[in-house]
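Colleague: show me how the following folds:
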Amino acid sequence: SCCGLAVGQCSAYHLRYTCRPRAKMLSSARRLLQAGNLVRGLTTSAARLEEVAQAAGPKEFTEQWHKKAPSTMAVPELPSNFLADKGSAESKVQGDLFPVNFFTPHSIISEAKQKDTVILPGMEGMFGVKANHVPVISQLRPGLVELHSGSEVEKYFISGGWAYVHPNGVTDIQALEAVTLDQVDGAAVKQALAAAQGAQAGDDFDAAVNRTAVELYSALDAAMEQKS
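Modeller: Just a heads-up that it's a prediction; the model follows:
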């Protein structure tokens, strides 16, 4: 009996509708496991399962695929098939210098130019990149991007974007807009900032647009003040 009582001690109702159905279900499940040779798999230790999982890779998967479906279906593509070849992973760092690519949709500011330091406006604050920096992907907020080559420093204000520091040392910077500060009219920036701060929001979309404008013009105004 499933309830712990002898069969003779169960009520007729309990015996008919509870104990016997459960016993049949357990018996059926046990036969199914034995027929499918699954009992051993269920009792396999976690260490054993981990060992098997570690040994399986693309090569083992392909071998098993051909055994199960020979000449029937193409082997599925694996994520590793889309990784760059090993040659591109070789370090591009030369001493303290590393290549920097800086693009906007309509201009190329730097293409594989050697720099010793890059300063970027990350979402959590400014951060620097030097040779052999750990790989990182960072969203960029409005602010200044600085490209250093010894004592020479190039500064560009960006409206936002992304930065990628690759394992081979290459740094990619992508921005929608990038301008030097001498291209900016400081008085026009202050007017735009005041207008954005005083703008009325009719709905959530307008409020989001106003916040974005205030963030952009505040950062640009601060950069212009720093320049002067």
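Colleague: other SSEs contacting the longest strand seen in the chain?
Modeller: In the chain, assigned by DSSP state E, the strand with the most residues is strand 107-115. Using 3 or more CB pairs under 8 Å, 6 or more residues apart in numbering; DSSP states H and E, the elements in contact with strand 107-115 are strand 98-104, strand 143-149. For the C-beta atoms, the positions are set from N, CA and C on the backbone; glycine is no exception.
Colleague: and the ones you listed: which comes nearest residue 216?
Modeller: Of all the helices and strands packed on strand 107-115, strand 143-149 sits nearest to residue 216, with 9.8 Å by CB to CB.
Colleague: give the pairing partners of the closest one; include direction for each.
Modeller: The sheet places strand 143-149 alongside strand 117-122 (antiparallel), strand 152-158 (antiparallel), with pairing taken from DSSP bridges.
Colleague: now residue 172: how far from residue 92?
Modeller: Using CB to CB, to the nearest Å, residue 172 is found at 12 Å from residue 92.
Colleague: circling back to that earlier point, for residue 131, find the nearest of the strands paired with strand 143-149.
Modeller: Between these, strand 117-122 lies closest to residue 131; by CB to CB that is 8.9 Å.
Colleague: what mean pLDDT does the closest one have?
Modeller: In this model, strand 117-122 has a mean pLDDT of 96.
Colleague: quick one: buried residues of that strand?
Modeller: In terms of neighbour count (16 or more other CB atoms under 10 Å), strand 117-122 has its buried residues at 117-121.
Colleague: in TSV: those, plus distance to residue 129.
Modeller: Supplementary listing: the buried residues of strand 117-122 in TSV, determined by distance: CB to CB, whole Å:
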residue	distance to residue 129
117	7
118	4
119	8
120	7
121	12
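Colleague: show me what counts as buried in stretch 175-190.
Modeller: Buried-residue list, stretch 175-190, by 16+ other CB under 10 Å: 175, 177-178, 181, 189.
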